[in-house]
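Asks: Model the structure of this input:
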Amino acid sequence: VDILHSGGGALGQQYKGKGVIVGVVDGGFEYNHINFKDANGKSRVKMVYDAIHDKTYLDPDDIAALTTDDSTATHGTHTTGIAAGSYTKNGYQGMAPEADIILCTSAGYSSGEKFTPVFQAQEASIVNSIKKVFDYADLVGKPASVNLSMGSMLGPHDGTLYFCQALDALKAPGHIVSISASNFGSNPMYIRHQSENTDDSLQYQTLIMNSMLQYSENYDAMVDTWSKSPNLFKTRLAVYDIKSQKVLAEMPIMPDSIIDEQNRFYYIDSTSFKDYYIGNFVIIGQKSNENNRYNNYVYANLTATKEQPTYRLALMVYSKKGETLETWGNRYSAFLFTYGCPGYISGTDSCSVNSWAYSNNNICVGAYVTRQSYYNPVLKKNLVYMDAGETGDMADFSSYGIKDDGTVLPDIVAPGATVISSVSSYNRSAITDLICDSLIAADGHVYYWGAIDGTSQACPVVTGIIATWLQCKPTLTVDEIKTILDATAVDDYY
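Replies: A predicted model of the protein is given here:
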């Protein structure tokens, strides 16, 4: 990106994102970080949209009075700095340092994924935030590059998810969205199974692992299973002891009755496993109108009754012979393991890409390693944020997958390991753990920079670079950008 900023070679001018909007939908913003100001100290943030309270800030004085949306987080401050940070004196400026900035606090960022209707409302809020950016950009006559360093493992991963359809509807020249691939490239969270046993018998079973469970902490586990057909299939939850290799308790096979022609059912249980877990289990099943596939979704909010238990939740799936079934565990709460127990199967990382990235209207971004450690002046030592692999390699955590048409995801990979960018001064833990640099401004406020790993960090690299391209050609489409990436990116194989 240095040659773009300098205007060297055959470019003839500098490309720093001038005349372009960079929108960031995220959380953990320090709205007035010095990294978001121009050389004269004027804020480059033209709009703040608070999706949680559905409130828009456009007046510069109102924006200047804002502090942070979340004092426990710094994610949005970091991603915005990567995409569009303009402070240059420490060498940590962003990709598009002259772009205008829009910050959107997302309802989906902090509230998490739970039941399907709630999750759909969160998706709608996030899409609405993206639309807010594009509407403002159209109003002022500028193109926009939007960063979405978030996502979900829930959904069919086929582009029919509500979010994907809504994002597809926003497709237009000069309106570009980049989405992070997710950080589960080495985690067993996906099962694809061709049913071979007799009709309606047990086809496969897996054990759900959450690392927090052994400490009896409360956690949410979500597992989403989809058939490739509209045919009903059933699931059962059980408690399985991995030491004795015995089933300790089990729920009925669900559904035990059909509610309507869509095979829709809803089951909640808080007593079947009361000797082992405190909490609720919810199973929701229905045929999707969007893709004519049957879906069975399990949500569990649990606390183990024993310290460091040897038992785990088991998911058992029953279907007709010949059905193709796919199961995803969601995020860190539901990895799919065997624990060496006979008759159980483990998940793989082969379809671990964020389900939102299956939209046809986005650039899906993975991560590779460009830095392995950083110096923390508070702790006075070099630190490794996460061991992501060797420099130049694809980051171990970077998710990947494939669409039904054979398209491989992510579309592109960018630096995502130990990326240094602005962090929020309102998040005290980030200041201690992540800090690489700090600045005491003339008004006495202290600004910070720190290192974080993730495809969340790789994504804004691409978002910002696309902003510089839009400066050159404001009408670029997402398909044209994919063609350019395919023609100009360095090819590597893993």
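Asks: only C-alpha atoms for contact and neighbour calcs from this point on.
Replies: Noted.
Asks: which residue ranges form the strands in the stretch 251-400 of the chain?
Replies: Along the stretch 251-400 of the chain, the stretches classed as strands by DSSP state E, counting those that start in this stretch are 265-269, 277-287, 294-304, 311-319, 324-329, 335-337, 363-368, 374-376, 381-383.
Asks: do the stretch 1-150 of the chain as well
Replies: Under DSSP E, counting those that start in this stretch, the stretch 1-150 of the chain gives strands at 21-26, 45-50, 55-57, 100-105, 144-148.
Asks: average pLDDT across the second one?
Replies: Over the span of strand 45-50, the pLDDT mean works out to 97.
Asks: Any chance you could list what contacts that strand?
Replies: With C-alpha atoms under 8 Å, 6 or more residues apart in numbering as the contact definition, strand 45-50 has outside contacts at 31, 36-37, 55-60, 63, 100-106, 129, 132.
Asks: Neighbouring strands - and their directions - for it?
Replies: The strands beside strand 45-50 in its sheet (DSSP bridges) come out as strand 55-57 (antiparallel), strand 100-105 (parallel).
Asks: thinking again about what came up before, looking at the strands of the stretch 251-400 of the chain, which is nearest to T67?
Replies: Of all the strands of the stretch 251-400 of the chain, strand 374-376 sits nearest to T67, with 25.1 Å by C-alpha to C-alpha.
Asks: Quick check: which helices or strands does that closest one pack against?
Replies: With contacts defined as 3 or more C-alpha pairs under 8 Å, 6 or more residues apart in numbering; DSSP states H and E, strand 374-376 has these neighbours: strand 381-383, strand 435-440.
Asks: JSON lines for the ones you listed, including mean pLDDT, distance to I268 and mean neighbour count?
Replies: Below are these laid out as JSON lines (pLDDT from 0 to 100; distance: least, C-alpha to C-alpha, whole Å; neighbours: other C-alpha atoms under 10 Å):
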{"stretch": "strand 381-383", "mean pLDDT": "75", "distance to I268": "45", "mean neighbour count": "12"}
{"stretch": "strand 435-440", "mean pLDDT": "84", "distance to I268": "45", "mean neighbour count": "18"}
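Asks: Of those, which is nearest W226?
Replies: Comparing those under C-alpha to C-alpha, the one sitting nearest is strand 381-383, at 41.6 Å.
Asks: next SSE after that closest one?
Replies: strand 401-402 (DSSP states H and E).
Asks: Parallel or antiparallel, list what pairs with that next one.
Replies: Strand 401-402 is paired, per DSSP bridges, with strand 408-409 (antiparallel).
Asks: Provide the contact partners of the very next helix or strand once past the strand it pairs with at residue level.
Replies: Counting by DSSP H and E, the next helix or strand C-terminal to strand 408-409 is strand 412-415. The contact list for strand 412-415 (C-alpha under 8 Å, 6+ apart) reads 363-370, 394, 457-459, 461-462, 485, 489.
Asks: Give me the contacts around stretch 123-141.
Replies: Contacts for stretch 123-141 (C-alpha under 8 Å, 6+ apart): 21, 23, 25, 49, 51, 102, 104, 106-108, 143-144, 146, 162-163, 166-167, 170, 175.
Asks: Oh, that last question was meant for stretch 465-480, not what I typed.
Replies: Residues from elsewhere that reach stretch 465-480 (C-alpha under 8 Å, 6+ apart): 1, 4, 15-22, 83, 95-96, 99, 142-145, 171-176, 361-363.
Asks: Just the helices from the stretch 51-200 of the chain, written as ranges.
Replies: 60-64, 75-84, 107-111, 116-140, 162-168 (DSSP state H, counting those that start in this stretch).
Asks: and of those helices, who's closest to G329?
Replies: Nearest to G329, of these and by C-alpha to C-alpha, is helix 116-140 at 14.7 Å.
Asks: Which residues belonging to the closest one are considered buried?
Replies: 119-120, 122-134, 136-137 (16 or more other C-alpha atoms under 10 Å).
Asks: Stretch 165-178 too?
Replies: Going by neighbour count (16+ other C-alpha under 10 Å), the buried part of stretch 165-178 is 165-167, 170-171, 173-178.
Asks: Could you list which of these belong to strands?
Replies: 175-178 (DSSP state E).
Asks: how about C459, phi and psi?
Replies: phi -60, psi -50 (degrees, to the nearest 10).
Asks: need the contact list for it.
Replies: C459 makes contacts with 147-149, 178-180, 364-366, 414, 416, as judged by C-alpha under 8 Å, 6+ apart.
Asks: can you do 6 Å?
Replies: 180, 365 (C-alpha atoms under 6 Å, 6 or more residues apart in numbering).
Asks: roughly how far apart are it and S421?
Replies: 13 Å (C-alpha to C-alpha, to the nearest Å).
Asks: Give me the nearest residue to T468, chain neighbours excluded.
Replies: With sequence-adjacent residues excluded and distances taken as C-alpha to C-alpha, 6 or more residues apart in numbering, T468 is closest to G17, at 4.3 Å.
Asks: Please disregard the earlier target; I meant T74.
Replies: G28 (4.2 Å).
Asks: So for the one you found, what's the pLDDT?
Replies: 94.
Asks: H75 is in contact with that one, correct?
Replies: Yes - counting by C-alpha atoms under 6 Å, H75 is a contact partner of G28 at 5.2 Å.
Asks: and G340, how many neighbours?
Replies: Residues within reach of G340, counting by other C-alpha atoms under 10 Å, total 12.
Asks: Okay, it and V419: tell me how far apart.
Replies: 37 Å.
Asks: would TSV of the helices and strands packed on strand 374-376 with distance to Y297 be doable?
Replies: As requested, the helices and strands packed on strand 374-376 are exported to TSV (distance: least, C-alpha to C-alpha, whole Å):
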stretch	distance to Y297
strand 381-383	40
strand 435-440	40
